[in-house]
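Participant: can you look at this prediction? I've put the sequence above it.
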There are 2 protein chains.
Amino acid sequence: MGDKFERGPVTRKRRSTIVGAAAAALKQLNGKSAAGKSIDEVNQDYNSKSYENVQDAAAFTKRERVKHESHYYSKLSCHKQRESLLSSASGYSNYRGILNWCVVMLVLGNARLFLENLLKYGILVDPIQVISLFLKDPYSWPAACLIIVSNVFILVALHTERRLSMGTFSERFGAFVHFVNLLTILCFPMSTVLMVDSVTPAGGVFALGVYTILFLKLFSYKDVNKWCREIRYTKARSLPRSLSYPAVQTSSGAAQAPVTYPGNLTHRDLYYFIFAPTLCYELNFPRSPRIRKRFLLRRLFEMLFFIQLMVGLVQQWMVPSIQNSMKTFQDMDYSRMIERLLKLAVPNHLIWLIFFYWFFHSSLNFIAELMQFGDREFYRDWWNSETVTYFWQNWNIPVHKWCLRHFYKPMLKRGVSKWVGQTAVFLASAFFHEYLVSVPLKMLRPWAFMGMMAQLPLAWFVGRFLRGNYGNAAVWISLIIGQPIAVLMYVHDYYILHFQGELPS
Amino acid sequence: MGDKFERGPVTRKRRSTIVGAAAAALKQLNGKSAAGKSIDEVNQDYNSKSYENVQDAAAFTKRERVKHESHYYSKLSCHKQRESLLSSASGYSNYRGILNWCVVMLVLGNARLFLENLLKYGILVDPIQVISLFLKDPYSWPAACLIIVSNVFILVALHTERRLSMGTFSERFGAFVHFVNLLTILCFPMSTVLMVDSVTPAGGVFALGVYTILFLKLFSYKDVNKWCREIRYTKARSLPRSLSYPAVQTSSGAAQAPVTYPGNLTHRDLYYFIFAPTLCYELNFPRSPRIRKRFLLRRLFEMLFFIQLMVGLVQQWMVPSIQNSMKTFQDMDYSRMIERLLKLAVPNHLIWLIFFYWFFHSSLNFIAELMQFGDREFYRDWWNSETVTYFWQNWNIPVHKWCLRHFYKPMLKRGVSKWVGQTAVFLASAFFHEYLVSVPLKMLRPWAFMGMMAQLPLAWFVGRFLRGNYGNAAVWISLIIGQPIAVLMYVHDYYILHFQGELPS
């Protein structure tokens, strides 16, 4: 069994003559230089080297034969030196399919959870139950009454401004009236919700939300009108009438002339602002040219569909999860608490995402289209945010714009440092979060406030240590995990307070 | 409360003179033309229109004043006409963050499942238990014996080839000997596994897998040597010795001369091929220049880590899921069956992915590095495949290359149509899948065969109706769902057969 075939003189001789050509061809096919060449190209190389300038019949026959042989050579050689795609040396980076994989895995995973939930609990969705959240006593509608009363504050703000513009009120007195008015806007609904028993938590959140928006809007209204008076004053002092600027014609001839101070102090103007999807007052809002009916209908359909979906998900998925968590949280069993928290995180996050789309895209666009309000920037690309700060600056543009214009920039102007300013904005935001949760639940707990304030060290940490996709993932994790922690805290405390004896054991 | 402020003549007059300039500035800031301009730019426009070529002190003072005023104007106007990002009209398409979201959701979702599993079952991972899968009787190693015996077939193939090269065997007789040898390679281990009781299913799969690989390798060895003889014959007939091609020198002087037929018919050469990570024989495999020690150690670490991970996942996640599914599948409760199937799909798919990486990247690269085997293309980018055909052509390159070279192309050459050829390849593949599963389980069921054959209509459907990402998602779904169906079928039948009375009820 010795290897005489390799070393025998007979083989050697044969190899050098008969199979020499085959070796040459193999070399060409194996070698790096021929790596990208097709068989025909290799043939051409072959021919051009051996038979240059020979064009007779013999050469043709040979070429045919060579072609026939090279067919075999290409069959003999089927390996090339190359790296695996997943080796770093290959330089490969096309993982387009991974996104599809993630989507498929998420859909299948959640379909499974959905089915499991249905098999375990049956169908819990009950639209009638929702009404009972808002109404305890069908003959008493405290939240609706509160909202009707809010018109009083709007009118107070308007008439204060009128008097200020005419000079009947001094600037100081006007500012005082506005201060009292705004303070009442915050305190009056709060005391009502706390004192009237028939206000349900859902009704309370709704009423307080409306009042908070009103507070921010009237604050902006007051500020802008004040700036207008300052401009009027500057101009009246420095500009002789003869030198006044010529009024520039609007580019479109039929367009209305822009509203100017104090021509804006009308009921129509103020109520347009109150209903418009913005918190920042402006004398001349950009207007869209016409109401697109298809756009309006699509947004309306989305509004109706997503509100149903949210209610369904809460009833079918959130409520059982939370109820199952109560015992665990009373027992303080940590590994089970984490399991429950992660179980709650998924529906909570999905509902938050649907809420975001429902409110900031569908509803605000619907209102804007109906009012021909031109500025539809209600959110920016927060889903790509790589820092916590970017997220807070871009997910809720109406509030962000208001904070920047009426809170942060005025503070900077008074010489406050950037860091203090940002902290103050987060403090104000934390206050309103707490206000909107604690008061309707009639239970003062610091969870919402702490949740907002925790954003500051988180923002510092993410901005300092994480970049790019890691930063983005950190923002997502803080969203997905942070919210259900706060939700569970409140729900736990609320259950303990109200249903201590009725907990499932 | 009439709107006299807007319509009163006093206001009108004032507006036209004093606030005209403000209106003009507002217009500029509101209008589309100034949309992208900074305040300073607007100021410049303003100045250049009103005071062209005026450079005296008065103009300077005015410019200062205008600057001061425009600060207020920019404060007054804070809205622009624009669409929301999620509206199709915005043309926005950067959803980079969504991939991170998917990854975070998958990680958190599976972390939850992991925790739930641990809380429910405790730790089930037990490395010692794995050994019992391979060994029933520690003094009898039937699978290992089978593998040692396989050397006989290798030597038969080598010596048949030697005789063929020398002409001692005629081509016909040689082909007959090879046929018998290859048939025995398939039948001998099958009958041994079926007859010897001490062969466990795991041991059986291992032994049959080794024999299947050997079958494919020796088939390729036989074919390539035959092609070499055909070349030798063609050349000897047509080429006078004097006209033989000059042997081309290898580019690197120190490199070995390429091996030529029949110099390849040595034990060393054949055993190199038997252990090399390829199924296609070649006389001169491309070789990597050196063994990269770091690369080798990384692959070794991966091999050890992922094998542990796979065993752990099977014990902790697959086995309880399957055991829980048994009752459901006996009762044929369809909605619960789907829920169980989806529950099993996730660990099954993850284990398959880990297996893919472990086998095709870590293990084959480890062997290749050790043997300085140059061609590391063991898989291509099947994760991006948009058709089922592309997936089957790219996920297992050694087998795909073998099928193409020794099965599909020879068939095409004999005038078989493409469709028939592809179907035949799938049939052969289905046969081997069935062979590798049914025989070790000692239970002939058509599930693996049907699973492979179902790929043909699936491939037609996906190729016909789905494109791009939809096609990719369809391939993923078929992978994620298809495998656990087959797994459950076999496990169910195996349980019914062996543990009928012991099922948990």
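Facilitator: Sure, I can see it.

Participant: just checking, next helix/strand downstream of the helix ranked longest in chain A?
Facilitator: Residue-count comparison of every helix in chain A, with assignments taken from DSSP state H, identifies helix A:201-238 as the longest. Using DSSP states H and E, the next helix or strand after helix A:201-238 towards the C-terminus is helix A:267-275.

Participant: now that following helix: mean pLDDT?
Facilitator: Across helix A:267-275, the average pLDDT comes to 94.

Participant: chain center to that helix: distance?
Facilitator: 29 Å (CA atoms, centre = their mean, to the nearest Å).

Participant: return the set of buried residues in that helix.
Facilitator: For helix A:267-275, the neighbour count (16 or more other CB atoms under 10 Å in any protein chain shown) marks A:269, A:270, A:273, A:274 as buried. The way it works is simple: take the backbone N, C-alpha and C, and place the C-beta from them, glycine included.

Participant: just checking, the last one touches residue A:217?
Facilitator: Yes - the pair residue A:274 and residue A:217 passes the contact test of CB atoms under 8 Å, sitting 6.1 Å apart.

Participant: dump the buried residues of helix A:267-275 to TSV, plus distance to chain B.
Facilitator: Compiled in TSV, the buried residues of helix A:267-275 are given as follows (distance: CB to the nearest CB, whole Å):
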residue	distance to chain B
A:269	8
A:270	11
A:273	11
A:274	16
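
Participant: dump stretch A:196-209 to CSV, restricted to CA.
Facilitator: Taking C-alpha atoms only, stretch A:196-209 is exported to CSV below (Å, rounded to 0.1, in the frame of the first residue of the first chain):
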residue,chain,number,x,y,z
VAL,A,196,-66.4,66.3,44.2
ASP,A,197,-66.8,62.6,44.7
SER,A,198,-68.4,61.8,41.4
VAL,A,199,-65.3,62.7,39.4
THR,A,200,-63.8,59.4,38.2
PRO,A,201,-60.0,59.1,37.7
ALA,A,202,-60.5,59.0,33.9
GLY,A,203,-62.8,62.0,34.0
GLY,A,204,-60.3,63.8,36.2
VAL,A,205,-57.4,63.1,33.9
PHE,A,206,-59.4,64.4,31.0
ALA,A,207,-60.5,67.6,32.7
LEU,A,208,-57.1,68.4,34.2
GLY,A,209,-55.5,67.7,30.8
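
Participant: what residues of that stretch count as buried?
Facilitator: With burial defined by 16+ other CB under 10 Å, the residues of stretch A:196-209 counted as buried are A:199, A:200, A:201, A:202, A:203, A:204, A:205, A:206, A:207, A:208.

Participant: adding pLDDT and distance to residue A:125, write those out as a markdown table.
Facilitator: Listed next are those as a markdown table, based on pLDDT from 0 to 100; distance: CB to CB, whole Å:
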| residue | pLDDT | distance to residue A:125 |
| --- | --- | --- |
| A:199 | 84 | 26 |
| A:200 | 84 | 20 |
| A:201 | 86 | 20 |
| A:202 | 86 | 17 |
| A:203 | 87 | 21 |
| A:204 | 89 | 24 |
| A:205 | 91 | 21 |
| A:206 | 91 | 21 |
| A:207 | 92 | 26 |
| A:208 | 93 | 27 |
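
Participant: show the low-confidence segments of the stretch 351-500 of chain A, by residue range.
Facilitator: Counting by pLDDT under 70, the stretch 351-500 of chain A has low-confidence residues at A:500.

Participant: rewinding a little: got the angle between the longest helix of chain A and helix A:267-275?
Facilitator: Angle of helix A:201-238 versus helix A:267-275, following axes from the mean of the first three to the mean of the last three CA atoms, to 10 degrees, is 130 degrees.
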